[in-house]
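In: give the three-dimensional model of this entry:
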Amino acid sequence: MPAPAARPATAARLLSLLVLGAALAGCAFGGKRGDAVTIYAPEATATPDPSWPKVDWQLAIARPSAPRLLDTPRIGVRPVPGELQVYKGAAWAQPPTDMLEASVLRVLEDSGKIDAVGRLATGLRANYRLALDIRHFEADYRGGEHPVAVIEVAAKLMHNIDQRVVASRSFARAQPASAASTASVAAAFDQALAGLSREIAGWTLAEGQADAQRRAAP
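Out: Alright, predicted model coming up:
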């Protein structure tokens, strides 16, 4: 069964669109040389919650992990249960692992609630480390007319000094697309990623602060 064909982007709010040349189309997606590929770059802008605790510790975010089939710029889709395909002529600007890392980092930075936060690779002398594992990041028709953007992430917050797991939780979002077009699917992922990142950021601040207070108690 051929993968669903990408359609022109006409109403992808909060998305940046680029068209790549023949080289990417020919080698990455099996298209004919000269075919154009539309690149979708979700901005995933999330508003921080003012009720989140203000913390004085530092956090390092490890690069998220994901199964090989998900850690790719290809946009995955499940037209029927148990079958994973990709949209032809369309791709993410970054793989989902990079999108999730950047989105969570941005929410925490914009919140103004944390002393310092950065990627683990920057060498930040952090008190806590956030590890994220992407379990699902694909469009799923689920027997309906329009696909649903499904994102599921397992999160672990760890204390850096003793490598202790402070808290762990699974997060999931299922955002229905307004139409079957690839642009509508990408817009649904934008909303799902923004909501999920906000949940993860708030949970991280709350769990980390609770642990810091327990450690400081006499």
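In: list the contacts for Gln58?
Out: By C-beta atoms under 8 Å, 6 or more residues apart in numbering, the residues touching Gln58 are Ile114, Asp115, Ala116, Val117, Leu124, Arg125, Ala126, Asn127, Tyr128. Every C-beta, even on glycine, is put in place using the N, C-alpha and C of the backbone.
In: that one pairs with what?
Out: In this entry, Gln58 is beta-bridged to Ala116, by DSSP bridges.
In: how about the contacts of Gln58, which pair is most distant?
Out: Maximum pairwise distance among the contacts of Gln58 (C-beta to C-beta): 14.2 Å, between Ile114 and Arg125.
In: more neighbours: which of those two?
Out: Taking neighbours as other C-beta atoms under 10 Å, Ile114 and Arg125 compare with Ile114 leading, 22 against 8.
In: mind checking how far the more buried one is from Ile200?
Out: 13 Å (C-beta to C-beta, to the nearest Å).
In: again, but for Pro96
Out: In terms of C-beta to C-beta, Pro96 sits 14 Å off from Ile200.
In: one more: Ala116?
Out: Taking C-beta to C-beta as the measure, Ala116 falls 18 Å from Ile200.
In: these two: which is more packed in?
Out: Neighbours per residue (other C-beta under 10 Å) separate Ala116 from Ile200, with Ile200 holding more: 24 against 15.
In: can you tell me the closest non-neighbouring residue to the more buried one?
Out: Distance criterion C-beta to C-beta, 6 or more residues apart in numbering; nearest residue to Ile200, sequence neighbours excluded, is Val104 at 5.3 Å.
In: what's the answer for Pro64, then?
Out: Per C-beta to C-beta, 6+ apart, closest to Pro64 is Leu132, 4.0 Å.
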